[in-house]
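> Build me a model:
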Amino acid sequence: MAATQWNESLIDGELLVEDVQYIVHKGIRYNIKIEVKKYEDLVNATFSELRRLPNHDDKKEIEWSVDNTKLTANNAKWVRGSHPALHYRGNALKRHKVWFQEQDEGFYAYKYTGWQKKVLNATFKIDYTNFSATSALVNAMKEDVEQNHWIATMYEDGFDYIGMHSDKTKTWKKGSSFQVIKWGFPRIFKVTINDHEEVDKCTVLFSKILPAGTSLIVDMDTNERTRHGVPVMEGCTKVSGSIVGRDIETFISFEESKKMIKQAERDRLKRKLKKEERNANKKVKV
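Numbers count the residues shown, from 1 in each chain. Now for the predicted structure:
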């Protein structure tokens, strides 16, 4: 494909078989670079490694992997979408996540919409000793674009998904990009132009099935002018997912993280008490 000029074949929902360097739509360039199956072997080995990790208990607060003031992988676990720390507006997410980095003296924090302070503790450190396949993949990714923070996402089947959105860039380094490496069963990756308040009415720029190992890079400017997502895929019963790398500027010390989480819990209790008071007052009035 290697298409630069937008055409209908970019939104036909079929399997992508050729690389895309960037897309020009009505004279406007969108820096979306896609390389088909570039990291297939590396991402398969990475998910084989990551899938061996256990899950954080949904009924317990997430315990961090810090030992003697250094971040480790001692408590490296998946956070399932059902865990309260991943809930968005009180609802479970239809996907599971792990957060990791190579830095060991604090946390890089990517604050997306719905991000909760207490999920920061789920971040763990990778290195070649404990995560040889994952380290090999992210170091290869760093040769494409600068990145220091990674999130692996897993979808159990076609009913797991992520809605159309633009990444929040407040915590990113200026001028940086994000990179997605697709894994598992091929799924549609959709990109729309951010040209309408109603998501369903936005112009579709790209909508094709990405096979495992496919790399997709979007720069900060294009991210802000578009939305992207992985829609529901009925009939899909197989697991899939991705690794996403970003270059994060916001860095939080372990001490600061402790304070943030304690404050978040105090705020939660205050909201709970106010809600109980409102409910009690309603009963009295009745």
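> Could you tell me which ranges of the stretch 151-286 of the chain sit under the pLDDT cut-off?
Within the stretch 151-286 of the chain, the stretches with pLDDT under 70 are 285-286.
> just so I have it, where are all the strands in it?
Here the stretch 151-286 of the chain has its strands, by DSSP state E, counting those that start in this stretch, at 162-165, 177-184, 187-193, 204-210, 215-219, 226-230, 240-246, 251-252.
> Need the residues that contact stretch 8-27.
With contacts defined as CB atoms under 8 Å, 6 or more residues apart in numbering, stretch 8-27 is touched by 1-6, 29-36, 186, 188, 193, 203-211, 214. Where C-beta positions appear, they are placed from N, C-alpha and C, glycine not excepted.
> Show me which of the residues you listed are buried.
6, 30-36, 186, 188, 193, 205-211, 214 (16 or more other CB atoms under 10 Å).
> For stretch 154-164, measure first residue to last.
17 Å (CA to CA, to the nearest Å).
> do the same with stretch 152-168
17 Å.
> how about that stretch: buried residues?
Going by neighbour count (16+ other CB under 10 Å), the buried part of stretch 152-168 is 152-158, 160-161, 164, 166-167.
> Centre of the chain to that stretch, how far?
Distance of stretch 152-168 from the chain centroid (CA atoms, centre = their mean, to the nearest Å) equals 8 Å.
> Check stretch 222-241 too.
Computed by CA atoms, centre = their mean, the chain-centroid distance of stretch 222-241 equals 11 Å.
> what do you get for stretch 212-222?
In terms of CA atoms, centre = their mean, the centre of stretch 212-222 is set 13 Å apart from its chain centre.
> Quick check: buried residues in that stretch?
Buried residues in stretch 212-222, defined by neighbour count with 16+ other CB under 10 Å: 212-220, 222.
> Now do the nearest residue to Gly235 once chain neighbours are set aside against Asp144, distance only.
In space, Gly235 comes closest to Gly158 once its chain neighbours are excluded; the distance is 6.3 Å by CB to CB, 6 or more residues apart in numbering. As for Gly158, its distance to Asp144 is 29 Å (criterion: CB to CB, to the nearest Å).
> same question, Asp157
In this structure, Asp157 and Asp144 are 30 Å apart, going by CB to CB.
> Same check on His25?
For His25, the distance to Asp144 - CB to CB - is 24 Å.
> go on, Leu42?
From Leu42 to Asp144 the distance is 12 Å (CB to CB).
> Tell me which of these two has more neighbours.
Just comparing Leu42 and Asp144: by other CB atoms under 10 Å the higher neighbour count belongs to Leu42, 21 against 17.
> Shouldn't the more buried one be within a helix?
Yes - under DSSP: H, G, I helix; E, B strand; the rest coil, Leu42 sits within a helix.
> Which stretches in the chain count as helices?
40-50, 132-141, 220-225, 254-285 (DSSP state H).
> hang on, the earlier thing: could you dump the buried residues of stretch 152-168 to TSV with distance to Ala122?
TSV is the format used below for these (distance: CB to CB, whole Å):
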residue	distance to Ala122
Ala152	11
Thr153	13
Met154	14
Tyr155	18
Glu156	19
Asp157	23
Gly158	26
Asp160	19
Tyr161	21
Met164	25
Ser166	23
Asp167	19
